[in-house]
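**Q** Turn this into a structure:
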Amino acid sequence: MVRLKNLIRLTFELAYGRNISGLIRCLEIGSSIAVQLIDCDFGDDDGFSSLLMDLSLVPTSIGVAGMPNHDVVTFALNSSSALRSISFECAFHEDRASERVQQYVRELWISPSVDDISSGVIAGCWIHLETLVCCDYALEYILILLSTPTELPCARELSTIRLIQTSSRKNLDLSAQQGVQERFMLARKDCPAIRLVIESHVLQRDVGQRVMGDVEALFEFVEYRFFEEVPTMAYPDVCKRGWSAKYPRGSGGYQLCSAPRSLTFGDRRDGHLTS
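**A** Predicted coordinates:
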């Protein structure tokens, strides 16, 4: 066991999931760390979720966002640590390890990707999910996801939906066809009432965009908020000190301070990690 209690940043690039887990199990690290995975390969197994358990990172928030270059960024974080995966697909798979992780999550953020994976993400085992944050999605689409399947809808403890329009030049689509409304009411008749929060840029304040009365009746109440800066997930302090706004690629080598604070590993693709 290698003792690295001062380590706060750990990056793996082009690495296999089994190698990452093997290394993590050999490290004794502190309770606050930012781990980043860049183009790492977990195959079809439960590597990402298992890695969270190897790190003793019990996430209370999960985020999945599409990037313009077709990459998908998956976040898992709590008040002290975080894991970020940047890859060509969502790091979460439908497996037992994911179900064990999802039971602790209270907040889920989703943003569109080129090959939208939001339906698969929301359909997960989010048994204690309280808040769903949807960036740049039409309200009707979210209602459909939360009504599927009708006999056993997902996220049954959901209490808040936040719809965020990240562009100051666009309006959210707040309409919903009658059939979608009826299905939503039927599917969630035994679930707690949901609050709907509409969030848009302050420049949209005078547009007067509101949900129609029949759609508003689906919710406990509807609230409208305006922002100057687009809301983001509440990252722990270790991320604010450790993560770059840009995603490092091809960085190579590891970097050490006098007391190790940052490590970067790559994979030669022959099954051995390099540093």
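**Q** what's the burial count for residue 187?
**A** Look at residue 187: counted by other CB atoms under 10 Å, it has 21 neighbours. Any C-beta I mention is one placed from the backbone N, CA and C, and that applies to glycine too.
**Q** My error: substitute residue 198 in the last question.
**A** The burial count assigned to residue 198 is 21, neighbours taken as other CB under 10 Å.
**Q** Which stretches in the stretch 51-200 of the chain count as strands?
**A** 61-66, 72-77, 82-87, 107-110, 131-135, 160-164, 195-201 (DSSP state E, counting those that start in this stretch).
**Q** I'd say residue 132 and residue 145 touch.
**A** No. Using CB atoms under 8 Å, residue 132 makes no contact with residue 145, being 9.1 Å away.
**Q** Give me the common contacts of those two.
**A** Residues touching both residue 132 and residue 145 (CB atoms under 8 Å, 6 or more residues apart in numbering): residue 122.
**Q** Quick one: the strands of the stretch 51-200 of the chain as CSV, columns for distance to residue 15 too.
**A** Shown next, in CSV, are those (distance: least, CB to CB, whole Å):
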stretch, distance to residue 15
strand 61-66, 21
strand 72-77, 16
strand 82-87, 11
strand 107-110, 25
strand 131-135, 29
strand 160-164, 33
strand 195-201, 37
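**Q** so can I have JSON lines of the ones you listed showing distance to residue 11 and mean pLDDT?
**A** Formatted as JSON lines, the strands of the stretch 51-200 of the chain follow (distance: least, CB to CB, whole Å; pLDDT from 0 to 100):
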{"stretch": "strand 61-66", "distance to residue 11": "18", "mean pLDDT": "90"}
{"stretch": "strand 72-77", "distance to residue 11": "14", "mean pLDDT": "91"}
{"stretch": "strand 82-87", "distance to residue 11": "10", "mean pLDDT": "91"}
{"stretch": "strand 107-110", "distance to residue 11": "22", "mean pLDDT": "94"}
{"stretch": "strand 131-135", "distance to residue 11": "26", "mean pLDDT": "95"}
{"stretch": "strand 160-164", "distance to residue 11": "29", "mean pLDDT": "97"}
{"stretch": "strand 195-201", "distance to residue 11": "32", "mean pLDDT": "96"}
